[in-house]
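K.L.:
what's the 3D shape of this:
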Amino acid sequence: MPHALADSQAALNALRGPVRLRTLTGLRWLAVGGQTAAIIGVHFGLGFATPLGLALGVIAASAWLNLFTLLRFSPQRFLSDREAAAYIAFDIIQLCALLALTGGLLNPFSALIIAPVTIAASFLPLRLTVLISALALAGISLLGLYHMPLPWRPGEALALAPIYKAGVWAALSFSVMFFAAYAHRIAAESQQMRSALAATQLVLGREEKLSALGGLAAAAAHELGTPLATIQLTAKEMLREAPEDSDIYEDAALLVSQAERCRDILGRLSRRGDSGDAMHDRIEVVALLREAAAPFIDLPNGPEIRIETNSIDGAPEPVLRRRPEIIYGLRSFIENAAGFAHSEVVMTAEWSADELSIAINDDGPGFTLEILARLGEPYVSARAGNRPLIGHKGGMGLGFFIAKTLLEGAGAEIAFHNRQWGQKSEQTGASVLARWSIDAVSAGPFT
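P.N.:
So this is what the prediction gives:
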């Protein structure tokens, strides 16, 4: 389990993109402008006595750092995680110094210390987010103990009970921890989903490219068939007319044999084409399941893979449109079932005049309750028994997400559950059910 958590966190960190220098400097300019306006407004507008020189000096330090970075580096420069954390740490220290000069936690603007922590949690990895949060908590604690009086009317002092200061300290501390955890979690889930959707598009694009290559091969075989037949016919005529002991006869015989070889090659290419041809664009349900399960049939030490069919209302076996996303999605579920099955995987296809359903069942340990509730989300990759998928040394848990997304994009409704296996009521296995409307997947009448 510790290794799984470490791998999961490493995957999340890999998903987080870098932040530009321009983004952090822009936020800092906004903070400098707001701090300056607040100090000047309190000192001159409200007439409260503030350590104006010291406060403006602290604000000037932040502005000077911004100017230095803009002159030294390009605004488009991407910062490393450590550089970004250092920038935000400076902002927290600068804000704490300014608050220490103006009342500490009694200053109503002390709530702004939550802002840099939330910003850090939205793009920094967990380790650095924890360090930034710890720095903010340390700053809040020091502000509760050491600070100058809150600026107030001349000759008066605002005194609040220690219990109120403790309450402000507790509220800010819990706010920092809550907003850091919340922002980090939301950002992680958003980045997971973007990455998983990108991976889905890559997989689908690869499948479509392979399908298009098959169609191109079939089209090329068809187009090359006519000139190749002409070459073969001409070579045979030369073979009949040339003397058997001449060089022309040998050349003509070679042309005939090579032309026949080319026809065989083009014939195989034509049979592999699965798009751009009316016959190849249509596939029956059983043939679809066989094609999806082909890589896992007769594997050494692999489970037995069976196909069962049932017509609910006597309707004939439907003929479907060949779609790469359906084949790939089913193949991913079959691969998972084959990886966890003890001895058998059963694919059951049932259809009626209105609906088609395909269930992929295995006699493995089934889904745990924790995983069952989260299946279909990206980066969920565990199952009872924790066996790796066939041909995989581990993964990021995108297989189920990609398969579910592809099949749902093809009009399917997907459900995951555990089902009783065999005659023993205590033995259960995993089951994945995909259900379509016949109108959504039917190839229609052949024309």
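K.L.:
which strands border the strand ranked longest in the chain, and is each parallel or antiparallel?
P.N.:
Of all the elements of type strand in the chain, the one with the most residues (DSSP state E) is strand 428-437. Sheet neighbours of strand 428-437, with direction, are listed as strand 355-362 (antiparallel), strand 413-420 (antiparallel) (DSSP bridges).
K.L.:
those helices in the stretch 301-447 of the chain, which residues are they?
P.N.:
Counting by DSSP state H, counting those that start in this stretch, the segments of the stretch 301-447 of the chain that form helices are 324-340, 369-372, 399-409, 438-441.
K.L.:
among the ones you listed, which comes closest to Ala353?
P.N.:
Ala353 sits nearest to helix 438-441 of all the helices of the stretch 301-447 of the chain, at 6.9 Å, using C-beta to C-beta. Glycine gets a C-beta too; all of them are placed from N, C-alpha and C.
K.L.:
strands of this protein, start to end?
P.N.:
Taking DSSP E to define them, one finds strands in the chain at 19-20, 78-79, 282-284, 304-311, 319-321, 344-351, 355-362, 413-420, 428-437.
K.L.:
nearest to Val176, out of those strands?
P.N.:
The closest of the strands of the chain to Val176 is strand 19-20. By C-beta to C-beta, the value is 20.3 Å.
K.L.:
domains for this structure, by residue range?
P.N.:
Segmentation of the chain into domains, based on automatic domain parsing, reads 2-159, 207-272, 282-441.
K.L.:
most packed of the helices of the stretch 301-447 of the chain?
P.N.:
Between the helices of the stretch 301-447 of the chain, helix 324-340 has the highest mean count of neighbours, a mean of 24, where neighbours are mean count of other C-beta atoms under 10 Å.
K.L.:
next, the angle from that helix to strand 304-311.
P.N.:
Here the directions of helix 324-340 and strand 304-311 differ by 130 degrees (axes from the mean of the first three to the mean of the last three C-alpha atoms, to 10 degrees).
K.L.:
what about helix 324-340, distance to the chain center?
P.N.:
On the basis of C-alpha atoms, centre = their mean, to the nearest Å, the separation between the geometric centre of helix 324-340 and that of its chain is 18 Å.
K.L.:
who does it touch, helix- and strand-wise?
P.N.:
With contacts defined as 3 or more C-beta pairs under 8 Å, 6 or more residues apart in numbering; DSSP states H and E, the packing partners of helix 324-340 are helix 162-241, helix 285-293, strand 344-351, strand 355-362, helix 399-409, strand 428-437.
K.L.:
okay, the ones you listed in TSV with distance to Asn310 next?
P.N.:
Output for the helices and strands packed on helix 324-340, formatted as TSV (distance: least, C-beta to C-beta, whole Å):
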stretch	distance to Asn310
helix 162-241	29
helix 285-293	11
strand 344-351	5
strand 355-362	10
helix 399-409	20
strand 428-437	14
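K.L.:
and these as CSV, adding distance to Val319 and mean pLDDT?
P.N.:
Compiled in CSV, the helices and strands packed on helix 324-340 are given as follows (distance: least, C-beta to C-beta, whole Å; pLDDT from 0 to 100):
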stretch, distance to Val319, mean pLDDT
helix 162-241, 18, 74
helix 285-293, 8, 90
strand 344-351, 11, 92
strand 355-362, 11, 92
helix 399-409, 19, 81
strand 428-437, 13, 90
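K.L.:
the domains of the chain: which one's closest to Gln191?
P.N.:
The stretch from these with the least distance to Gln191 (C-beta to C-beta) is domain 2-159; that distance is 4.3 Å.
K.L.:
give the contact list for the closest residue to Gln35 other than its chain neighbours.
P.N.:
Leaving out its chain neighbours, the residue that sits closest to Gln35 by C-beta to C-beta, 6 or more residues apart in numbering is Ile59, at 5.0 Å. Under the criterion of C-beta atoms under 8 Å, 6 or more residues apart in numbering, the contact partners of Ile59 comprise Val32, Gln35, Thr36, Ile39, Leu98.
K.L.:
what's the burial count for Arg127?
P.N.:
Look at Arg127: counted by other C-beta atoms under 10 Å, it has 12 neighbours.
K.L.:
offset the numbering so it begins at 635, please.
P.N.:
Will do, 635 is the new start, and the previous item becomes Arg761.
K.L.:
next, the contact list for it, please.
P.N.:
Under the criterion of C-beta under 8 Å, 6+ apart, Arg761 has no neighbours.
K.L.:
that one and Glu875: what is the separation?
P.N.:
84 Å (C-beta to C-beta, to the nearest Å).
K.L.:
what of Ile865?
P.N.:
Going from Ile865 to Glu875 by C-beta to C-beta gives 16 Å.
K.L.:
thanks a lot, see you next time.
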